[in-house]
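S.K.: Build me a model from this:
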Amino acid sequence: MITLVADMTHCLLAWIGENDLAASKGKYPGLGSIAAAAIDRRPDSIVLLSNWGHAIDSVYRRWLRTRTGVEIRIERCRLSGPMAFAEIHSHARRVADAVLESTGSGGRLILDLSSGSPAMASIWLLLGKTRYLDRAELIQVSLKSGVLTADLPFDISAEFQDFVRRGDEELIRLTQGLPPETPEFEAIVHRSAVMDRIIAKARQLARHDLPVLIQGESGTGKELFARAIHSASLRSKRPFVPLNCGSIPADLIDSELFGHRKGSFTGAVDDRAGVFEAASGGTLFLDEVGELSKAAQVRLLRALQEGRIRRVGEQRERPVDVRAIAATNRKLIFEMASGNFREDLFHRLAVGFLEIPPLRERSGDGIVLIEHELEQLSAQGLPRKRLSAEARSALLAYSWPGNVRELRNVLTRAVVFSSRATLRGMDIRDAMLASPTQGSETILGRTIGNGFRIEAVLAEVAGAYLARALESTGGNKARAARLLGLSSSQTLGNWLVRFGAVHPTTD
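M.R.: Residues are numbered from 1 along each chain as shown. Below you'll find the predicted structure:
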């Protein structure tokens, strides 16, 4: 994790090259590209990428620090060769993204094209003219001309950007038949490519009157997506009716879904319409649909298939016209394999399918969500707070098991309880209900003792692979068993029960 001190907004990024190392030993005329760029541009910080080795990096860092007086970080990057474009691109993008997250919305990059190999320079050029177009300056350094901004000629730059833009936007739109950008999805704050792809799918689904299943961890914004799909659909002028299936007692679920007649059960003091009738003509949002009992799943399936419902205590059927959007934090393919969710209902709901990634997998979204949530809190009348570099780093380093909802709650607590205008790291840590290191340990690096249970770790690993196998085979236990090297589907079932992935059930 790259952490920079407060108010650092300009960062020089460069690969350590042979000429830079030679200059540090007095074997090259001048100071080398990196030192020359640092003295000329006077950045707030320097982050160097290196494939040389710790000892060499340390010597060069000390030499550069004495000549610039600037904070210097070195990121070790293992490369298989000088022309390993994919590896170079992956490291360069990772480090640059981390720097921009650490520096906040005002951060800018200075990308040195003259240090390192030609392949490294070409990757900086690619990133500088696409991903970081508005936040990076490309520079070139020579003994004769000094440090210059490396502007591409207008015609070349325009053609290059047009090609990339067509690749990222027009190509997707042409191949998937996407409509132009619509404002309904603007409430989904993001900057990551993975969320771009999810929103593109959601926009396409909004055009068609199909059922949609949205899957994702708690707090990822499933209802936000459901409301955006409804608002961008032809049903937008009609009701959007949400129902949390997990909060309704089993003996009242029929009444909530289909309504009831007065006197049909104790407490039914009036005739009452259910959510199907309330949403008729519009969208019915079934949140936590995975919590429904199997009996309730049967009745829900029938209503969705036939477009007709019967109120509790009545004999006559009523026509309803709803678009169903369901959401769950469970892996329903896994639940089907265990017998907890009906396969026919799954396929009825999952005509359109969206998997919302957890916040920890949304690279680049952390800082924009933090700034957005602080703005929202300010708009609600809470004090406007700034973040110190330490506070920002604490937020970005946390794994957020509760996702965006947890982020919002932590920031709310920090803003309410801190009397300072600038939040510090301790304010953020005090506002976190869980350990700041929770979820950050690798599976082989867990701390033992203090409640550690090896069976729980084994169950976590086994459960993850069992879920992957079942998901990739559409719930086919025999094929999943073969993928995992198990002898039979019965053995797979035993593993599911043994590691607590499912509970034994009786139909």
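S.K.: pLDDT value on the closest residue to residue 106 other than its chain neighbours, please?
M.R.: In space, not counting the residues next to it along the chain, residue 106 is nearest to residue 9; the distance is 4.9 Å by Cβ to Cβ, 6 or more residues apart in numbering. Any C-beta I mention is one placed from the backbone N, CA and C, and that applies to glycine too. At residue 9, the pLDDT value in this model is 80.
S.K.: Please tell me how far residue 9 sits from residue 132.
M.R.: Plainly put, residue 9 is 14 Å away from residue 132 if you go by Cβ to Cβ, to the nearest Å.
S.K.: Residue 55 too?
M.R.: Noted for residue 55: a distance of 32 Å to residue 132, by Cβ to Cβ.
S.K.: Neighbour count: these two, which is higher?
M.R.: Comparing residue 55 with residue 132 by other Cβ atoms under 10 Å, the one with more neighbours is residue 132, at 20 against 8.
S.K.: contacting residues around residue 383?
M.R.: If you count contacts by Cβ atoms under 8 Å, 6 or more residues apart in numbering, residue 383 has them with 415, 421.
S.K.: Need phi/psi at it.
M.R.: In terms of degrees, to the nearest 10, the main-chain angles of residue 383 are phi -60, psi 140.
S.K.: cool, and residue 486?
M.R.: Dihedral angles (degrees, to the nearest 10) for residue 486: phi -90, psi 160.
S.K.: and the gap between the closest residue to it other than its chain neighbours and residue 484?
M.R.: Residue nearest to residue 486 in three dimensions, not counting chain neighbours: residue 492, with 5.3 Å by Cβ to Cβ, 6+ apart. As for residue 492, its distance to residue 484 is 7 Å (criterion: Cβ to Cβ).
S.K.: for residue 108, same thing?
M.R.: 49 Å.
S.K.: The residue nearest to residue 486 falls within a strand, correct?
M.R.: No: counting by DSSP: H, G, I helix; E, B strand; the rest coil, residue 492 falls outside a strand, being helix.
S.K.: so where do the helices sit in the stretch 201-350 of the chain?
M.R.: 222-231, 253-258, 275-278, 294-306, 332-337, 343-349 (DSSP state H, counting those that start in this stretch).
S.K.: Give me the residues contacting the shortest one.
M.R.: Translated: helix 275-278. 239, 241, 243, 256-259, 284, 303, 309, 318, 320, 322.
S.K.: got the buried residues for it?
M.R.: 275-277 (16 or more other Cβ atoms under 10 Å).
S.K.: Low-confidence bits of the chain, can you list those?
M.R.: Within the chain, the stretches with pLDDT under 70 are 1-8, 151-182, 434-452, 456, 471, 499-507.
S.K.: Tell me who's in contact with the closest residue to residue 263 other than its chain neighbours.
M.R.: In this structure, residue 263 finds its nearest non-sequential neighbour in residue 313, 7.0 Å apart by Cβ to Cβ, 6+ apart. Applying Cβ under 8 Å, 6+ apart, we find residue 313 in contact with 260-265, 268.
S.K.: try 6 Å this time
M.R.: 260-261, 264 (Cβ atoms under 6 Å, 6 or more residues apart in numbering).
S.K.: can the buried residues of helix 275-278 go into a markdown table with extra columns for distance to residue 81?
M.R.: Rendered in a markdown table, the data for the buried residues of helix 275-278 read as follows (distance: Cβ to Cβ, whole Å):
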| residue | distance to residue 81 |
| --- | --- |
| 275 | 61 |
| 276 | 62 |
| 277 | 66 |
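S.K.: hmm, back to that, what is the neighbour count of the residue nearest to residue 486?
M.R.: By other Cβ under 10 Å, the residues close to residue 492 number 22.
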